[in-house]
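1. Make a model of this:
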Amino acid sequence: MTRRHFLAASALGAAGAVPTPPNVVLILADDLGYGDLSSYGAKDARTPHIDALMSAGVRFDRFYANSPVCSPTRAALLSGCYPDVAGVPGVIRTHEANSWGYLSPKVDLLPKPLKAAGYHTAIIGKWHLGLESPNTPIERGFDHFHGFLGDMMDDYYTHLRHGENYMRRGREAIQPEGHATDLFTRWAVEYLNARKAERRPFFLYLAYNAPHTPIQPPEEWVARVKARQPGISDKRARLVALIEHMDDGIGRVVAALKANGQYQNTLLLFTSDNGGDLNAGGTSGPLRSGKGDMFEGGIRAPMCAVWPGRIPPGTRSGCDGLTMDLFPTICEAAAARPPEGIDGRSLLPVFEGKQTTLPARDLIWVRREGGQRYQGQDYYALRRGDWKLLQNSPFEPFQLYNLKDDPAEQTDLATKERKIFAELSTALMRHVQRAGRVPWQRP
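-> So this is what the prediction gives:
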């Protein structure tokens with residue numbers, strides 16, 4: 001069946017077979033590299049459940065996280081704005097001396113327009129946008145929260161960070177037992193089961209902390225990978241096992257959707273918050289570098305969207321999308337009104353095959369960080385068409401690459417293409433001025 005015939009058949013059957021509005025399930029992995037799924041070229045990993053999602057809808061080849069690190073991308077996802085415009089240019093951490101963002105009280109998060117459209121909203125898993133009032137999930141609009149407030153766990157089984165317990169159910173501190181990936185999977189399935197008898201549509205944001213460090217998969221999963229892949233390094237085997245363990249959990253979530261009769265009327269999205277951690281054994285496939293850097297490997301992420309009857313299965317897109325675009329995309333699918341002035345643009349027409357690209361725009365990435373390498377300063381990247389301006393430290397000169405001619409970002413054209421360099425750097429300065437109006441520190 002051609003895409004045109006698929007869309008026509010879907011339209012004819014929509015009134016009777018596919019009720020609206022849809023449920024929405026957004027699954028976010030943590031530090032999953034562009035080359036760490038078998039569907040994206042990993043030869044040593046088996047991720048059948050994520051791969052099945054990639055085949056069941058539209059897979060993106062050039063989808064980007066809004067930052068090469070965690071908190072800024074999550075802020076962009078839930079605000080529809082660039083991270084620094086939402087007050088989160090860097091990672092929010094336990095200790096104020098090493099925390100580089102504060103979620104702005106002036107931005108409306110995604111639960112607000114969805115609740116106005118009749119949705120029940122839930123987050124299960126990693127929050128990472130505030131450790132205390134007023135920037136906790138329930139206070140920022142979610143109806144249900146079952147997960148972890150912090151940046152990372154020091155142990156997947158104790159769930160502590162710096163000796164503190166950030167596990168919560170709603171506002172209540174909890175001390176569950178078990179591997180964090182299994183807990184988040186189980187809680188997601190429990191939530192889906194609880195919504196089975198409800199007519200009200202739901203939005204479930206399922207944010208795994210896998211495969212973020214510490215690389216701590218269940219040992220039986222490590223043994224399985226090593227038995228299958230003779231000669232694989234211990235570091236790589238453990239990361240692959242952690243990814244495959246998460247993939248198994250995602251399979252259980254999808255199975256619950258199907259068993260409950262929810263799958264057919266669910267928009268299901270999957271992506272990662274940034275590139276893979278190369279120091280932990282991650283890979284970016286053919287792309288340069290990984291987590292923390294503004295090269296493609298640090299910011300490009302796997303992504304797919306599935307919506308039976310609306311998104312043609314087995315399709316691929318070369319459209320450039322950003323995490324913040326998922327906010328207006330979900331709003332459009334849910335017939336919800338997004339706030340005025342957000343930066344994201346709806347990808348729904350691309351998902352449905354009605355268009356192949358979005359209108360031309362500049363794409364901007366930001367990260368603020370501490371330590372001797374960064375010293376509390378921002379560094380940026382900006383892309384306009386095939387041209388990309390970037391730096392990987394606030395103290396190094398900007399580099400300029402043409403991604404069409406040089407997708408591996410090997411030839412710096414900053415001194416040769418001075419006109420392009422000036423145009424992009426001027427556009428970036430305008431963004432810095434705009435974002436500079438938004439405080440990023442706790443009042």
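
2. For the stretch 1-150 of the chain, which segments count as strands?
-> Remark: strands assigned in the stretch 1-150 of the chain by DSSP state E, counting those that start in this stretch are 23-29, 58-64, 120-126, 144-148.

3. Describe which strands the shortest one pairs with in its sheet and in which direction.
-> Strand pairing for strand 144-148, using DSSP bridges, gives strand 120-126 (parallel), strand 167-169 (antiparallel).

4. quick one: contacts of that strand?
-> Residues outside strand 144-148 that contact it (Cβ atoms under 8 Å, 6 or more residues apart in numbering): 120-127, 136-138, 159, 166-170, 180, 184, 187, 191, 207, 209. Heads up, the C-betas are built off the backbone N, CA and C, glycines and all.

5. Can you pull out the low-pLDDT segments for this protein?
-> Low-confidence segments of the chain (pLDDT under 70): 1-19.

6. Where do the helices of it begin and end?
-> Secondary structure of the chain (DSSP state H): helices located at 3-17, 48-56, 70-79, 111-116, 180-194, 219-228, 234-259, 296-299, 326-333, 348-351, 371-374, 418-435.

7. Which of these sits closest to residue 35?
-> helix 296-299 (8.3 Å; Cβ to Cβ).

8. Just the CA trace of that closest one, in PDB.
-> Coordinates of each C-alpha in helix 296-299 appear next as PDB, following Å, rounded to 0.1, in the frame of the first residue of the first chain:
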ATOM      1  CA  GLU A 296      26.600  15.500  15.800                       C
ATOM      2  CA  GLY A 297      27.300  12.500  18.000                       C
ATOM      3  CA  GLY A 298      26.600  14.600  21.100                       C
ATOM      4  CA  ILE A 299      23.200  16.000  20.000                       C
END
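
9. Just give me how far that helix sits from the chain centre.
-> Put simply, helix 296-299 sits 13 Å off its chain's centre (Cα atoms, centre = their mean, to the nearest Å).

10. Point out the other helices and strands that it packs with.
-> Using 3 or more Cβ pairs under 8 Å, 6 or more residues apart in numbering; DSSP states H and E, no helix or strand is in contact with helix 296-299.

11. got the helices of the chain as CSV, with mean neighbour count and distance to residue 442 columns?
-> Formatted as CSV, these follow (neighbours: other Cβ atoms under 10 Å; distance: least, Cβ to Cβ, whole Å):
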stretch, mean neighbour count, distance to residue 442
helix 3-17, 12, 47
helix 48-56, 19, 37
helix 70-79, 30, 14
helix 111-116, 19, 22
helix 180-194, 21, 27
helix 219-228, 15, 39
helix 234-259, 21, 32
helix 296-299, 30, 27
helix 326-333, 24, 24
helix 348-351, 22, 36
helix 371-374, 11, 20
helix 418-435, 14, 18
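
12. between the ones you listed, which gets nearest to residue 86?
-> Nearest to residue 86 among those is helix 70-79 (4.2 Å), distances taken as Cβ to Cβ.

13. The closest one versus strand 120-126: what angle between them?
-> Computed by axes from the mean of the first three to the mean of the last three Cα atoms, to 10 degrees, the angle separating helix 70-79 from strand 120-126 equals 170 degrees.

14. Can you say which of the contacts of strand 144-148 are buried?
-> 120-127, 136-137, 159, 166-168, 180, 184, 187, 191, 207, 209 (16 or more other Cβ atoms under 10 Å).

15. Quick one, which of the strands paired with strand 144-148 gets closest to residue 380.
-> In terms of Cβ to Cβ, the element of these nearest to residue 380 is strand 120-126, at 25.2 Å.

16. hang on, the earlier thing: which one of the strands paired with strand 144-148 lies closest to residue 440?
-> strand 120-126 (20.3 Å).

17. Pull the contacting residues for the closest residue to residue 339 other than its chain neighbours.
-> Distances taken as Cβ to Cβ, 6 or more residues apart in numbering put residue 108 closest to residue 339, at 4.7 Å, once the chain neighbours are dropped. For residue 108, the contact set (Cβ under 8 Å, 6+ apart) comprises 79, 141, 339.

18. now swap in residue 403 and tell me
-> Counting by Cβ under 8 Å, 6+ apart, residue 403 touches 296, 383, 386-388, 409.

19. That one and residue 431, how far apart?
-> The gap separating residue 403 from residue 431 is 20 Å, by Cβ to Cβ, to the nearest Å.

20. just residue 405 next, same as before
-> According to Cβ to Cβ, residue 405 and residue 431 sit 25 Å apart.

21. And residue 413, by the same measure?
-> According to Cβ to Cβ, residue 413 and residue 431 sit 21 Å apart.

22. do residue 365 as well
-> For residue 365, the distance to residue 431 under the criterion Cβ to Cβ works out to 10 Å.

23. Same question for residue 222.
-> Using Cβ to Cβ, residue 222 is found at 44 Å from residue 431.

24. Likewise for residue 207?
-> Relative to residue 431, and taking Cβ to Cβ, residue 207 is found at 27 Å.

25. One more: residue 303?
-> For residue 303, the distance to residue 431 - Cβ to Cβ - is 24 Å.

26. do the same with residue 24
-> 29 Å.

27. Same check on residue 117?
-> Separation of residue 117 from residue 431 (Cβ to Cβ): 31 Å.

28. Residue 352 too?
-> Using Cβ to Cβ, we find residue 352 at a distance of 30 Å from residue 431.

29. give me the number of residues near residue 205?
-> Counted with other Cβ atoms under 10 Å, the neighbours of residue 205 add up to 28.

30. In this structure residue 246 contacts residue 210, no?
-> Yes. Using Cβ atoms under 8 Å, residue 246 is in contact with residue 210, at 4.2 Å.

31. Which residues are in contact with each of those two?
-> Residues touching both residue 246 and residue 210 (Cβ under 8 Å, 6+ apart): 29, 181.

32. before we move on, back to that, quick one: closest of the strands paired with strand 144-148 to residue 256.
-> Residue 256 lies closest to strand 120-126 among these, at 12.4 Å (Cβ to Cβ).

33. Take that closest one, keep the C-alpha atoms, and write them as PDB.
-> The C-alpha atoms that make up strand 120-126 are tabulated as PDB, following Å, rounded to 0.1, in the frame of the first residue of the first chain:
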ATOM      1  CA  HIS A 120      -4.800  12.900  32.700                       C
ATOM      2  CA  THR A 121      -1.000  13.500  32.900                       C
ATOM      3  CA  ALA A 122       1.700  11.300  34.400                       C
ATOM      4  CA  ILE A 123       5.500  11.200  34.600                       C
ATOM      5  CA  ILE A 124       7.200   7.900  35.600                       C
ATOM      6  CA  GLY A 125      10.900   7.800  36.000                       C
ATOM      7  CA  LYS A 126      13.500  10.500  35.900                       C
END
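
34. by how many degrees do it and strand 23-29 diverge?
-> 10 degrees.

35. can you give me the angle strand 120-126 makes with helix 234-259?
-> Using the same axes, to 10 degrees: strand 120-126 against helix 234-259 is 160 degrees.
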